[in-house]
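> With the input below, show me the fold.
(chains A and B)
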There are 2 protein chains.
Amino acid sequence: MIYFDNAATTQFKSEAVKKGILDYLNNPGNPDRGSHANSLSASRMVLKTRIKLATFFDCDDFEKVIFTSGLTQSLNTVIKGLITKKDHVITSIYEHNSVLRPLYQTNCDLDIIEDIYTIESYIKENTKAIILNHASNVTGEIQDIAYAGEICKKHNILFIVDTGQSAGHIDISMKKNHIDILCFSGHKGLMGIQGIGGICINTDVDIKPLVVGGSGIDSFSKVHPSIYPTKLEAGTLNVPGIISLYYALDFIDEYGLDTIYKHEKDLEEYCLSKLRKIDKVHVYREKANTVGVISFNIEGMDAAIVSDKLSNKYNICTRSGAHCAPLVHNHYGTKSMVRISFGLQNTMDEIDILIKGLKEIIYED
Amino acid sequence: MIYFDNAATTQFKSEAVKKGILDYLNNPGNPDRGSHANSLSASRMVLKTRIKLATFFDCDDFEKVIFTSGLTQSLNTVIKGLITKKDHVITSIYEHNSVLRPLYQTNCDLDIIEDIYTIESYIKENTKAIILNHASNVTGEIQDIAYAGEICKKHNILFIVDTGQSAGHIDISMKKNHIDILCFSGHKGLMGIQGIGGICINTDVDIKPLVVGGSGIDSFSKVHPSIYPTKLEAGTLNVPGIISLYYALDFIDEYGLDTIYKHEKDLEEYCLSKLRKIDKVHVYREKANTVGVISFNIEGMDAAIVSDKLSNKYNICTRSGAHCAPLVHNHYGTKSMVRISFGLQNTMDEIDILIKGLKEIIYED
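Residues are numbered from 1 along each chain as shown, chains lettered A, B, ... in the order given. Predicted coordinates for the structure are as follows:
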């Protein structure tokens, strides 16, 4: 089986990730609740992972590294906790529905732009935030967050970044890019498991909690505690998920983010050069700066049928559809594309098999 | 190590649970997104677990079995998706902050009652729901949901039940008890892992989604799809968590819910009889019908110190504090208690060690 759907969920999970989860499940505990060995041991792992993530994303305060159930929960928490209908927000056509739909729900004044370098001209008196993804989950194109960050800093506007397709692939510094709030997924590039994600916060702005409940502290108060990280973390944390992140980050540190990125870029460039030689293949992208994600269509063929054939005949996993990013499709006049997204485990040989398969699908059917 | 903190997180996770997670991590996929083998295999496991849970809780429609990141997320979703400040809600003093704090946030008209059998007298014209836990996480006392369910049915009021301390311990039928919405935790009595929980819905009432985003379907719509289960599930599901539930429910079916309950009740009764013989120990409970949870205090000693001594000297894990249920403490005039909660792995011998330890703590210090 050839797995080219790493933008959805990375296939590679290190042995240490698996072992870490298993060890924990042999002796689980509820962190920050009890004072017994298992509870404290869970608490220590949670704390160590916060510290690791703060370093990884260059976030000032590890207590403002928040764990959520995933990127969607992170983005909903941040957007609904910050934005009201009185606010103006600027975002891009490259955003995922996990950004767009929460934004629509707030009924805020929303500008959705195509070209990030025009962003400054959209700023108004009530502009509260600029929300951008770092890399598109459809085209793989990297948005210039350094530029957008400078604009945000200059105008004192919150800068919120969705790192769904960049975290674990490219180095991200919150401080260098003036990112106030960074949302991440645990099971994509970071190579942890599904069910874990988070928010890194480098601002003092008040984010109202989306979810409240048990907090382990201040239990007699009618309102959820306002100190971080508890403020945005109600109920029992997903410790197996957090442990998976701890060991996954360890792996990334050892393997090297640059090595990972180079591998994925090499695969992408090799694949792209091959795809571009095939008549009838149209690749969707306009920028050169990308992560290892390629979306394309074959002239006259439905994307779903291409993906199905690749799966059924060649056991190749790709992903067809709108990829929950409707405005990218509006931009290209498409309803669906076939997406290939690379991961650590992929090889050049696998790309050769893909290209051979695609040619057969196009010319032999 | 003796683990008596199963009300927080059960210690026992079956070998099949661990193996199921490992097998999945060797070949992960994103359910209900792609059409390739890994994605479909994940989808099948999710579907099978929905069906299993619908049977387990006697819920009419497996498509209305919703996965969340845990009980807190379930309760926040249900309460905030249903209750507005115009509504009247009745709940009890036995509720956890994961019920109370979301309810307070809605600013609804709220009656918090002590005696469930007086519940009918609180019903008003605008009473929208009665929300009760099935068993208290402090006293272990079981609330008479059959009675409350009848009252709800009679008055056409929504009946919402928090099964945090009963699911996996006692048989629960949504239909027999007229439960419209049942919220559950995956990592407590059901013996799955942390990070997974859910909602079973047996009503057509509209629950507005708390979290919106990627849905895999209707991606060009600005609003999140309104069909179940997608309506209340945005973003990638926690498949390792769902798989853990699948195998955990398998285990419960094979082992027998009655056998589990009998074991925990036997332990509880044995422990209670021993505790009651110790001078200076005060157990907090008023009802005979309980799950395997006992909370107590030692006269003149801080609960935290008792828990710490049990942990440090005897390696016994208990939980002291308010257990996120402040109104139970107001009822008893306490701020903290020591809680013992039993699980499948506990033995009578472990209780003997606990009792011996408690006696030493009381009389030898």
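> Doesn't residue A:246 belong to a helix?
Yes: counting by DSSP: H, G, I helix; E, B strand; the rest coil, residue A:246 is part of a helix.
> I figured it hits residue A:20, correct?
Yes: using CB atoms under 8 Å, residue A:246 is in contact with residue A:20, at 6.7 Å. C-betas here are computed from N, CA, C, even on glycine.
> Closest to the geometric centre of chain A, which residue is that? Let me know.
residue A:164 (1.0 Å; CA atoms, centre = their mean).
> what ranges do the strands span in chain A?
Applying DSSP state E to chain A gives strands spanning A:2-3, A:65-68, A:88-92, A:109-113, A:127-133, A:158-162, A:181-185, A:197-201, A:281-283, A:293-298, A:316-317, A:319-321, A:337-341.
> Neighbouring strands - and their directions - for the first one?
Each strand pairing with strand A:2-3, determined using DSSP bridges, is listed with its direction: strand A:316-317 (parallel).
> gap between residue A:66 and chain B?
Residue A:66 sits 13 Å away from chain B, going by CB to the nearest CB, to the nearest Å.
> Ok, residue A:271 next?
17 Å.
> what do you get for residue A:72?
Applying CB to the nearest CB, the value for residue A:72 to chain B is 3 Å.
> ok, the closest residue to that residue other than its chain neighbours - how many residues close by?
Excluding the flanking residues, the one nearest residue A:72 by CB to CB, 6 or more residues apart in numbering or on different chains is residue B:235, at 2.9 Å. As a burial measure, residue B:235 scores 26 neighbours (other CB atoms under 10 Å in any protein chain shown).
> try residue A:318
28.
> I'd say it and residue B:33 touch.
No: the pair residue A:318 / residue B:33 is not scored as a contact, 11.4 Å apart, by CB under 8 Å.
> Surely residue A:263 and residue A:344 touch.
Yes: in this structure residue A:263 lies within contact range of residue A:344 using CB under 8 Å: 6.6 Å.
> Is residue A:275 in contact with residue A:296, as I believe?
Yes: using CB under 8 Å, residue A:275 is in contact with residue A:296, at 6.2 Å.
> what residues are shared contacts of these two?
Shared contacts of residue A:275 and residue A:296 (CB atoms under 8 Å, 6 or more residues apart in numbering or on different chains): A:281, A:283.
> Distance of the closest residue in space to residue A:249 that isn't next to it in sequence relative to chain B?
Once flanking residues are discounted, residue A:249 sits nearest to residue A:52: 4.9 Å by CB to CB, 6+ apart. Per CB to the nearest CB, residue A:52 is found 19 Å from chain B.
> circling back to that earlier point, as CSV, the strands of chain A with mean neighbour count would be great.
Listed next are the strands of chain A as CSV, based on neighbours: other CB atoms under 10 Å in any protein chain shown:
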stretch, mean neighbour count
strand A:2-3, 24
strand A:65-68, 27
strand A:88-92, 23
strand A:109-113, 16
strand A:127-133, 24
strand A:158-162, 26
strand A:181-185, 30
strand A:197-201, 29
strand A:281-283, 17
strand A:293-298, 24
strand A:316-317, 25
strand A:319-321, 23
strand A:337-341, 27
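> Quick one: closest of the ones you listed to residue B:140.
Closest of the strands of chain A to residue B:140 is strand A:65-68, at 29.4 Å (criterion: CB to CB).
> Show me what the closest one is packed up against.
helix A:37-57, helix A:71-82, strand A:197-201 (3 or more CB pairs under 8 Å, 6 or more residues apart in numbering or on different chains; DSSP states H and E).
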